[in-house]
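K.L.:
The amino acid sequence is not available; the structure is as follows:
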């Protein structure tokens, strides 16, 4: 009896949490003019027209935007996983001059609002001739600039017993060998967490993609989605919701595939 | 082993760096960059016009566009990063910010043919005696009225104009006669409509040099009070309803819950598709019925060339093309506003009976009757625009009173202007 009640309560909670999402799916199946008429979830005259319309209405296939986003996300995930773990390993295990100061500086960059560095960054990328390319989104992730992930992994590596390192050293491993054979395998929950959050945050990152990308065929999903709305004119809500649903698919796929590892990663890294 | 791997790593790093730099090094002349804001139809029309320009001998170009709000984030970054587009669409709300920071080029010597432009529009981009922008449109503030709805409610809209008092009376009667409807939308936070109101009360919004707020606190207070009274009388919707009905599709006039809406004249073409019966385009209420001196005609969106542009001559040619070429005029239609020249209006207004034709007719009808157009809005205008809306919202939600709100706004204006 108690379990039934608990299930009922949880299901009701889940339904409330899911309502906005369900509403979006339902809105994507309605005509533009009907969307805000009824709060209910069941569309009266369901139509898939919004999907066809939204997919092509910007003159560039929405698939192009999805592809662009996927390219950037994949690169960022790879970059973050490799370089942040290397950096974290150095901070956690190696003794070098200025380690503490550098660590403090790195933590400081977490607290720096993005807007402060925006213009300086923009100038750098402009001088490199990288404006309107994917590089400003991708290259920083190969330089371990996401201090949050570095910090996450430093904490994780510190929890790995140093004795393992010592044993490996006796067996003839150098720093590189310890990193590859000892740290990296044990770090995998943190790596998974990093990969997933890198993916989702980059997938949703709007601002830098807006600032750096201009050519239609190079735009990414968040920027393209905003194109459906405009304060000075009429907005194409139907197309917006339909493409938002499409946009959710990769995120859902990533989540379903890695579900178990995400939960394990969260439990291990204490990231909630 | 360690040494070797470290060196390999370093080499790898250098290789990646080299590989990543390469794609950026595209040689040759950079294309002319054209940037604008606006909804999808604007983007499509301008792309078509640009393609036509290219095939009629124009230079290589690259187009950028963004929705209005995002556009300003991007343009600000590009400008401070010394990478502004060559030709850009500028709104009067931000014009002085950019002109005042020398981010725009003086167009005086570039020979853009502006001979056909309406007089009021030709001067819209002039600041400190230099012409920094060419008006894209002749626009004025307007009221769009769903006359069929008014008739159903048993009301009438006076043909020769009405005073604000008469308008309030109308709104109350309308709300009283139709359940769940409001006679007017709430315009308390509409700074642009307030500019007309202020001019009807004898002063411009800003001093000539743009350094001071010239309207009195009393006028601001009167304005906030006017709308507060309408809300109390249920002639205008309560704040929570207004807050949820800002988008065009969600607006009260689209939902049939209000018979009218205010906005810049060309926006009637965005509202018309979501309203069933035709919307008439009328002047906003007046201080003395029929006296339109408070209103003005102006070019509120401009074509500008950034100061950093490497090829201003090509940029000027493009602006001239968009302004004067018959094909371009027809492609753009009234998407950027009512066209700023007689020639363009005659070319476009062919589609009689449409909302666009009514917008054009409205501008031509009031052209002789409106007051002189004000100077470009001063630096900091954008901040006042949002501040005015925020204060009005606070009053609407009962967090502050019209009196205190008016004072708050005057203080804000004092702080923001003249810096």
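P.N.:
In hand now; what should we look at? In this text the structure is predicted, and so the values were computed from the model without any measurement.
K.L.:
just checking, residue B:230 touches residue B:237?
P.N.:
No. In this structure, residue B:230 is not within contact of residue B:237 by CB atoms under 8 Å, at 9.3 Å. The C-beta positions use only the backbone N, C-alpha and C, and glycine is treated the same way.
K.L.:
Between those two, which contacts overlap?
P.N.:
residue B:186 (CB atoms under 8 Å, 6 or more residues apart in numbering or on different chains).
K.L.:
Let's test this: mean pLDDT of stretch A:36-55, rounded?
P.N.:
Computed over stretch A:36-55, the mean pLDDT rounds to 81.
K.L.:
got the end-to-end distance for it?
P.N.:
Start-to-end span of stretch A:36-55 (CA to CA, to the nearest Å) is 22 Å.
K.L.:
ok now it, how far from the chain's centre?
P.N.:
Remark: stretch A:36-55 is offset 28 Å from the chain centroid, using CA atoms, centre = their mean, to the nearest Å.
K.L.:
and if you look at stretch A:244-261?
P.N.:
Counting by CA atoms, centre = their mean, stretch A:244-261 is centred 11 Å from the centre of its parent chain.
K.L.:
Okay, buried residues for it please.
P.N.:
For stretch A:244-261, the neighbour count (16 or more other CB atoms under 10 Å in any protein chain shown) marks A:244-247, A:250, A:254, A:258, A:261 as buried.
K.L.:
same check, this time on stretch B:173-184
P.N.:
So stretch B:173-184, judged by 16+ other CB under 10 Å, has buried residues B:174-175, B:178, B:181-184.
K.L.:
Contacts for it, please.
P.N.:
When contacts are defined by CB under 8 Å, 6+ apart, stretch B:173-184 is touched by residues B:150, B:152-155, B:167, B:170-172, B:230, B:233-237, B:241, B:252, B:256-260.
K.L.:
Keep only those of those that are in strands.
P.N.:
Using DSSP state E, the members of the contacts of stretch B:173-184 that fall within strands are residue B:260.
K.L.:
which of the contacts of stretch B:173-184 are buried?
P.N.:
Buried among those (16+ other CB under 10 Å): B:150, B:153, B:155, B:167, B:170-172, B:230, B:235-237, B:241, B:252, B:257-260.
K.L.:
Where does pLDDT dip in the chain?
P.N.:
Looking at chain A here, since you left the chain open. A:37, A:231-234, A:265-272 (pLDDT under 70).
K.L.:
Wait, chain B was what I had in mind.
P.N.:
B:1-29, B:349-351, B:419.
K.L.:
Can you give me the domain assignment for it?
P.N.:
The record's domain parsing of chain B by automatic domain parsing lists B:32-138+B:300-358, B:141-295+B:380-416.
K.L.:
Compute the first-to-last residue distance for the longest one.
P.N.:
Looking back up the chat, that one is domain B:141-295+B:380-416. Start and end residues of domain B:141-295+B:380-416 are separated by 25 Å (CA to CA).
K.L.:
what do you get for the shortest one?
P.N.:
Here the two ends of domain B:32-138+B:300-358 are set 36 Å apart, with distance taken as CA to CA.
K.L.:
Any part of it near chain A?
P.N.:
Yes. On the criterion CB under 8 Å from any CB of the partner chain, domain B:32-138+B:300-358 is in touch with chain A at B:33, B:35, B:37-44, B:47, B:62-70, B:73-74, B:77-78, B:80-83.
K.L.:
Among the residues you listed, which are located in strands?
P.N.:
Short answer: those in strands (DSSP E) are B:33, B:35, B:37, B:62-66.
K.L.:
Which pair of the residues you listed spans the longest distance?
P.N.:
For these, the farthest-apart pair by CB to CB is B:37 and B:62; their separation is 16.4 Å.
K.L.:
So which of those two has more stuff around it?
P.N.:
Neighbour count, other CB atoms under 10 Å in any protein chain shown: between residue B:37 and residue B:62, residue B:37 has more, with 26 against 17.
K.L.:
my guess is the more buried one contacts residue B:74, does it?
P.N.:
No. In this structure, residue B:37 is not within contact of residue B:74 by CB under 8 Å, at 9.3 Å.
K.L.:
Identify the contacts common to these two.
P.N.:
Counting by CB under 8 Å, 6+ apart, the common neighbours of residue B:37 and residue B:74 are residue B:66.
K.L.:
rewinding a little: and the residues of domain B:32-138+B:300-358 next to chain A, which are buried?
P.N.:
Buried among the residues of domain B:32-138+B:300-358 next to chain A (16+ other CB under 10 Å): B:33, B:35, B:37-44, B:47, B:62-68, B:70, B:74, B:77-78, B:80-81, B:83.
K.L.:
follow-up on the earlier one: which among the buried residues of stretch B:173-184 gets closest to residue B:407?
P.N.:
Nearest to residue B:407, judged by CB to CB, of the buried residues of stretch B:173-184 is residue B:184 at 25.7 Å.
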